[in-house]
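Asks: Quick one: sequence and predicted model below, then my questions.
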Amino acid sequence: MSVLELQDVDVFYGDFQALFKVSFTVEEGQTFACIGANGGGKSTLLRTIAGLQRPASGKVLFHGEPVDGIAAHNLVTKGIALVPEGRRVFPSLSVKENLQIGAYGGRKGDWNIESVLELFPLLRPLMTRQASSLSGGEQQALAIGRALMSNPLLLLLDEVSLGLAPVVIKRIYEAMVHLVDTGTTIVVVEQDVQHVLTVADYVACFLEGRISLEGKPADLSSEAITAAYFGM
Amino acid sequence: MDWVNVAIQGILLGGLYALFAVGLALVFGVMRMVNLAHGDLGILAAFIALFIVNTFHIGVVWSGLLTIVVMFVVGYFLQRGLLNFTLGTDDTRPIVVTFGLSIIIQNGLIMWFSADSQGLDAGAIENASIRISSKLSIGWYPLLVFVLSILVVAALQLFLNRTKLGRAFRATSDDREAAELMGINNRHIYGLAMAIALGIVALAGVLLAIRTTFDPTQGSFRLIYAFEAVIMGGMGSIWGTLIGGIVLGVSQTLGSQAFGSGWGLLVGHLVFLTVLAVKPSGFFAKTVTA
């Protein structure tokens, strides 16, 4: 059974339709990449899967069970974790407290503060610092670590490389490879196509709320991706 | 020596002001909601305590404790049943709704208890005092109220800093949606915040009712003092609220001493306005940006 399945999902913000009949499936252990320009509906897609946004029609199935309409805070305990766009760490909390909050839902699993620090050793000396004082890269590592503390079966990553230095992006993607090795299923949204193609098993390009191109990275030519990306 | 005496009375009075104010600060801190019925809810608690004493003939202490429990429960359901629905994009909605609530409480109390002044009798402790010198004595009761205020403020701060639930309060305050993604149900957190706020303001209302007489219209004044304490202390700072309350209390008592009774309240307001002009963010402003 697939971990995640979307069937004809329509999502609106008021009168504005952000997603049009989006359907795809993500298999266990897969890394599914959503690429595309701004306004393509990629972030809306992740917000919908995480329960922050309700589809007007269509179905979201998690391990075969319909989860659309379930509140975000209940989906965390089912094993869906979203690293939101812009990192959104809790600025007034310390790094340690941010990680502790990640475990609030109480899901059992292998992730704990120690294993997160092994994945992101850069956080170790920062544990007592206020999260607001961290650099962008450190905050991104913290945001991913915080999401892992909930022991997710499905990890949703929204624009993890946005605004970060290339060396930091490289480190984040190395961590992602490690996550894939542990069997975590990942849906990643990126504007930076080059990096994401190195980790993705499957790519879907979003254009104005629809999937304009999809397939395995090896099967897609860069010309086709460029065309789908810009809608040419 | 008179001035020292008066200043000490002011400090002790400030504790009670702070007790009225911390709930307001907590609710604003956690859900950015201004509760205009906060003072009236404190006075409502005083009337509930009075009702319990008169009906069941139990002591003031037990009646007070029972009232705190009642108001805690009322707070949770008031938030989840009504006030949560006012939160969202429009900041004026909770203000309008709590203003309405304030009017309902005031008039409800006048209907059931009349507009007469009431008092809660706590017995001998009300007038007992510690004599420090021939001109300086401290009342046991104001001292007790002050100590209780510090204990409540300290307990609240420990709760917020050290417990898992307190962490969830702070996370929700920082970023409601991100907290939701951590598995925190913000509606429940908001309910608990209001429950704690009303539990504390119930204690404040009962302590006020023992200290002095009270009537149904006093909630509005209590609200203004509470606002002044919160704003002087710095929005969102619990200890700051205590300091703000003390500054207000001392200003009022010293003002009365200097210019005659009646002028105290004005001096209190003027000191508040001065602080607002000189340091608008308050003494201990806690503003953190990502």
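Replies: Looks like it arrived, so ask away. Numbering: from 1, shown residues only, chains lettered A, B, ... in the order given.
Asks: Longest helix of the chain, counting residues only.
Replies: Let's take chain A. Looking across chain A with DSSP state H, the single longest helix is helix A:166-181.
Asks: Chain B was what I was after
Replies: For chain B, assigning by DSSP H, the longest helix comes out as helix B:2-31.
Asks: In contact with the residue of the stretch 51-200 of chain B found nearest chain A, which residues?
Replies: When distances are taken as Cβ to the nearest Cβ, the stretch 51-200 of chain B reaches nearest to chain A at B:G183, 3.0 Å away. Placement of C-beta: from N, CA and C, glycine included. Neighbouring residues of B:G183 by Cβ atoms under 8 Å, 6 or more residues apart in numbering or on different chains: A:H73, A:N74, A:V76, A:T77, A:Y104, A:G105, A:G106, A:S150.
Asks: quick one on the thing from earlier: quick one: average confidence on the longest helix of chain A?
Replies: Along helix A:166-181, the predicted local confidence has a mean pLDDT of 88.
Asks: Show me what counts as buried in it.
Replies: Taking 16 or more other Cβ atoms under 10 Å in any protein chain shown as the neighbour-count basis, helix A:166-181 is seen to contain the buried residues A:V168, A:I169, A:R171, A:I172, A:Y173, A:A175, A:M176, A:L179, A:V180.
Asks: wait, isn't the fourth one in contact with A:Q140?
Replies: Okay, so that is A:I172. Yes. Applying Cβ atoms under 8 Å, one finds A:I172 in contact with A:Q140, separated by 6.2 Å.
Asks: got any residues that touch both of the two?
Replies: The contact lists of A:I172 and A:Q140 share A:V160, A:L164, where a contact means Cβ under 8 Å, 6+ apart.
Asks: re the thing from before, and the two most separated of the buried residues of helix A:166-181?
Replies: Pairwise distances across those (Cβ to Cβ) peak at 19.2 Å, for the pair A:V168 and A:V180.
Asks: List every C-alpha atom in the next helix or strand after the longest helix of chain A, with coordinates, as CSV.
Replies: Heading C-terminal from helix A:166-181, the first helix or strand you meet, by DSSP states H and E, is strand A:185-190. Listed in CSV are the C-alpha atoms of strand A:185-190, where the atom choice follows Å, rounded to 0.1, in the frame of the first residue of the first chain:
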residue,chain,number,x,y,z
THR,A,185,9.1,8.7,3.2
ILE,A,186,9.7,12.3,2.1
VAL,A,187,7.8,14.8,0.0
VAL,A,188,10.0,17.7,-0.7
VAL,A,189,9.1,21.0,-2.3
GLU,A,190,11.8,23.0,-4.0
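Asks: For the helix or strand following strand A:185-190, name the packing helices and strands.
Replies: Stepping forward along the backbone from strand A:185-190, the first helix or strand reached (DSSP H and E) is helix A:193-199. The elements that helix A:193-199 packs onto, with contact taken as 3 or more Cβ pairs under 8 Å, 6 or more residues apart in numbering or on different chains; DSSP states H and E, are strand A:31-35, helix A:166-181, strand A:185-190.
Asks: Mind doing that once more with 6 Å?
Replies: Secondary structure elements in contact with helix A:193-199, counted by 3 or more Cβ pairs under 6 Å, 6 or more residues apart in numbering or on different chains; DSSP states H and E, are strand A:31-35.
Asks: quick one: strands adjacent to the strand it packs on?
Replies: Strand partners for strand A:31-35, identified by DSSP bridges, are recorded as strand A:185-190 (parallel), strand A:202-207 (parallel).
Asks: Next, the angle strand A:202-207 makes with the helix or strand that comes right after the last one.
Replies: Counting by DSSP H and E, the element after strand A:202-207 in chain order, helix or strand, is strand A:210-215. Angle of strand A:210-215 versus strand A:202-207, following axes from the mean of the first three to the mean of the last three Cα atoms, to 10 degrees, is 150 degrees.
Asks: For strand A:210-215, buried residues please.
Replies: So strand A:210-215, judged by 16+ other Cβ under 10 Å, has buried residues A:I211, A:S212, A:L213, A:E214.
Asks: didn't B:T98 look like it was pressed against B:L36?
Replies: Yes. Under the criterion of Cβ atoms under 6 Å, B:T98 is in contact with B:L36, at a separation of 4.2 Å.
Asks: any idea of the mean pLDDT for stretch B:199-210?
Replies: Here stretch B:199-210 scores 97 as its mean pLDDT.
Asks: would you put the C-alpha positions of that stretch in CSV?
Replies: Output for stretch B:199-210, consisting of C-alpha atoms alone and laid out as CSV, is shown next (Å, rounded to 0.1, in the frame of the first residue of the first chain):
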residue,chain,number,x,y,z
GLY,B,199,-8.6,31.2,38.4
ILE,B,200,-6.1,33.9,39.3
VAL,B,201,-8.5,36.8,38.9
ALA,B,202,-11.0,34.9,41.1
LEU,B,203,-8.3,34.9,43.8
ALA,B,204,-7.8,38.6,43.2
GLY,B,205,-11.5,39.3,43.4
VAL,B,206,-12.0,37.4,46.6
LEU,B,207,-8.9,39.1,48.2
LEU,B,208,-10.2,42.5,47.1
ALA,B,209,-13.7,41.7,48.6
ILE,B,210,-12.1,40.9,52.0
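Asks: Spit out the contact partners of B:G14.
Replies: Listed by Cβ atoms under 6 Å, 6 or more residues apart in numbering or on different chains, the contact partners of B:G14 are B:G245, B:I246, B:G249.
Asks: what about 7 Å?
Replies: B:G245, B:I246, B:V247, B:L248, B:G249, B:V250 (Cβ atoms under 7 Å, 6 or more residues apart in numbering or on different chains).
Asks: a markdown table for those residues, including distance to B:T213?
Replies: Supplementary listing: the contacts of B:G14 in a markdown table, determined by distance: Cβ to Cβ, whole Å:
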| residue | distance to B:T213 |
| --- | --- |
| B:G245 | 21 |
| B:I246 | 24 |
| B:V247 | 25 |
| B:L248 | 21 |
| B:G249 | 19 |
| B:V250 | 23 |
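Asks: Would you mind checking which of those is nearest to chain A?
Replies: Within the contacts of B:G14, distances to chain A taken as Cβ to the nearest Cβ reach their minimum at B:G245, with 23.2 Å.
Asks: could I get the helix or strand containing the closest one in CSV with only the CA atoms?
Replies: Here B:G245, judged by DSSP H and E, is contained in helix B:238-259. Output of helix B:238-259 as CSV, limited to C-alpha atoms (Å, rounded to 0.1, in the frame of the first residue of the first chain):
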residue,chain,number,x,y,z
ILE,B,238,4.7,38.2,34.1
TRP,B,239,7.2,39.6,36.5
GLY,B,240,7.0,43.0,34.8
THR,B,241,3.2,43.0,35.6
LEU,B,242,4.1,42.6,39.3
ILE,B,243,6.5,45.5,39.1
GLY,B,244,3.9,47.5,37.1
GLY,B,245,1.3,46.8,39.8
ILE,B,246,3.6,47.9,42.6
VAL,B,247,4.5,51.1,40.7
LEU,B,248,0.8,51.9,40.3
GLY,B,249,0.1,51.1,44.0
VAL,B,250,2.9,53.2,45.3
SER,B,251,2.0,56.1,43.0
GLN,B,252,-1.6,56.1,44.2
THR,B,253,-0.8,56.0,47.9
LEU,B,254,2.0,58.5,47.7
GLY,B,255,-0.3,60.8,45.6
SER,B,256,-3.0,60.6,48.2
GLN,B,257,-0.4,61.4,50.9
ALA,B,258,1.0,64.4,49.0
PHE,B,259,-2.1,66.0,47.6
